[in-house]
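Enquirer: got a predicted model here, sequence first, then my questions.
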Amino acid sequence: MRKILPLLLVLLAVIIKAQQYPLVVYNFSPVAVAKLKIKVTDPTTWQYDCHPIASGETAGLIQPGTTVTYDLMNNSASKTPPINQWDIMSHYIGIPDAIYNVNAGATIPAAITSIINWQSITIVFVNGETIDVGRGCTQPGTPTYNSGATPSGRTAATNTLAAPAQQILTIF
């Protein structure tokens with residue numbers, strides 16, 4: 001019994017650690033979002049290497065007045081709209097690059113999901129307008145960037161994409 005408790009504690013820590021920075025998207029705009037193009041990176045490499053280690057995009061609309069939370073990359077296919085696959089560029093941490101189709105049951109290794117942080121998001125509206133939000137490739141604490149309002153007046157804001165935390169993307 002003494003040996004089982006430490007094992008259970010380690011397993012619990014692994015589950016809690018796995019992708020600890022969820023992305024919450026609120027669409028308060030009167031226009032549906034056709035697609036979110038999401039890039040994710042390892043925040044510990046900002047000074048050295050700023051390429052994203054994962055990228056994916058939604059497959060379906062985010063209707064006006066709806067919210068979606070992408071809490072785990074491995075269950076992103078179960079969200080509405082889903083992110084069915086992730087293109088992972090992880091060779092720099094010793095894992096071969098691959099495309100993980102989570103909709104078909106592929107599992108992204110915890111060595112990848114435990115280190116990610118949201119880097120940039122491109123919002124594509126059904127009318128073709130776009131907004132880019134994210135952080136630059138510099139040290140932590142650098143302000144986020146935002147491409148500004150669309151011609152029809154759509155805007156977006158994030159709580160922070162510069163520091164590890166729950167990321168909130170609000171679309172107006």
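Expert: In hand now; what should we look at? Keep in mind that what you see is a predicted model, and the values were worked out from it rather than measured.
Enquirer: when you work out contacts or count neighbours from here on, use the C-alpha atoms and nothing else.
Expert: Will do.
Enquirer: ok, the spatially most central residue of the chain - contacts?
Expert: Centroid-nearest residue in the chain, with CA atoms, centre = their mean: Trp118, separated by 4.6 Å. Shown in contact with Trp118 (CA atoms under 8 Å, 6 or more residues apart in numbering): Tyr21, Leu23, Ile38, Lys39, Val40, Thr41, Gly134, Leu161, Gln167.
Enquirer: now Ile168: how far from Ala157?
Expert: Between Ile168 and Ala157 the distance is 8 Å, computed by CA to CA, to the nearest Å.
Enquirer: if the residue nearest to the centre of the chain is in a bridge, with which residues?
Expert: The partner list for Trp118 in beta bridges (DSSP bridges) reads Val40.
Enquirer: phi and psi next, for the nearest residue to Asp42 once chain neighbours are set aside.
Expert: Leaving aside its sequence neighbours, Asp42 sits nearest to Ile116 (CA to CA, 6 or more residues apart in numbering; 4.8 Å). Dihedral angles of Ile116 (phi, psi; degrees, to the nearest 10) stand at phi -80, psi 160.
Enquirer: shaky segments in this protein?
Expert: Residues of the chain that meet the criterion pLDDT under 70 lie in 1-20, 43-52, 136-144, 160-165.
Enquirer: swap in 90 and give it another go.
Expert: 1-23, 39-54, 71-73, 89-95, 110-120, 133-148, 157-169 (pLDDT under 90).
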